[in-house]
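Novice: Give me a model of this one.
(one chain, ligands or ions: 1)
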Amino acid sequence: MKKGKFIVFEGNEGTGKSTHIKRLSKHLDSISHKHMVTREPGGTDFGEKVRTILLDTQSQLDPLSEALLFYSSRIMNYRNVILEAINRGETVICDRFHFSTLVYQGMCQDCKEVTDLHMVLDNYFSKYISLIIYLDADVETCLSRMGRRSTSDKFESQGRDFITKVKSSYDTLFSTNKKVFRVDTANNADIVSDLIIERVQEVINE
Ligand code: TMP
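Specialist: The predicted structure follows:
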């Protein structure tokens, strides 16, 4: 059977990942395209428990311990949920994946062990990725959208310097990755979702 496509959304805080994933999923429903949406950390019961630990604002975990927890959640989600669906021929949409660990725990916190770990595991996690949708926005736009949220998790509450680092890390990381489709989300949301749908449509028709 033909394998399903694996589409990963990545990007900074306040770039509208949840909104645009919902819009894409609604579009795929409207054309009866079989797909599933999952997220990281999360996706399984175990992953959702790990999510609670990782996003706790009181967490004192260092970046390497955090990365290992993100990976433990990811491995279960990847093996038990994502690969199973891809093998059934379904399209999988994942809200963040291993690039988030490299950016947030590795590059932004200068943790060499996390960067090394990414080098070791990248082939395994990237093997089936068909498309990476990088939702980008300038730092001011991210901060103003984050300011409208009623609660913030550990990473969302880091402030301007961190958000600036996240943006420049993603920009550097994705500058040479041919699977990346970058969309500037400072644009009108309808324009952004049309661009995403158009690109996804090309990928699922391949
Ligand atoms: P979300 O709010 O976009 O679902 O993501 C949860 C937070 O976790 C977000 O602030 C980014 C952070 N995160 C990491 O720091 N490392 C990771 O590997 C992942 C998947 C998320």
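Novice: and the next element down the chain from the longest strand seen in the chain?
Specialist: The longest strand of the chain (DSSP state E) is strand 129-136. Using DSSP states H and E, the helix or strand that follows strand 129-136 towards the C-terminus is helix 139-147.
Novice: Can you point out the buried residues in that next one?
Specialist: 139, 141, 142, 143, 145, 146 (16 or more other Cβ atoms under 10 Å). From N, CA and C alone the C-beta is placed, and that goes for glycine too.
Novice: Equivalent analysis for stretch 65-75, please.
Specialist: Residues of stretch 65-75 classed as buried by neighbour count (16+ other Cβ under 10 Å): 66, 67, 69, 70, 71, 73, 74, 75.
Novice: next one: stretch 77-90
Specialist: 77, 78, 81, 82, 83, 85, 86, 90.
Novice: Make sure residue 92 is indeed in a helix.
Specialist: No - Residue 92 sits outside any helix when classified using DSSP: H, G, I helix; E, B strand; the rest coil, being strand.
Novice: these two touch, right, it and residue 34?
Specialist: No - Residue 92 lies out of contact with residue 34 (Cβ atoms under 8 Å); the separation is 10.3 Å.
Novice: And the strands in this structure, which stretches?
Specialist: 6-11, 35-39, 91-95, 129-136, 180-184.
Novice: do you know which of the ones you listed lies nearest residue 123?
Specialist: Among the strands of the chain, strand 129-136 comes nearest to residue 123, with 10.8 Å by Cβ to Cβ.
Novice: contacts for that closest one?
Specialist: 5-12, 15-17, 20, 97, 99, 167, 170-171, 174, 177, 179-185, 192, 196, 199-200, 203, 206 (Cβ atoms under 8 Å, 6 or more residues apart in numbering).
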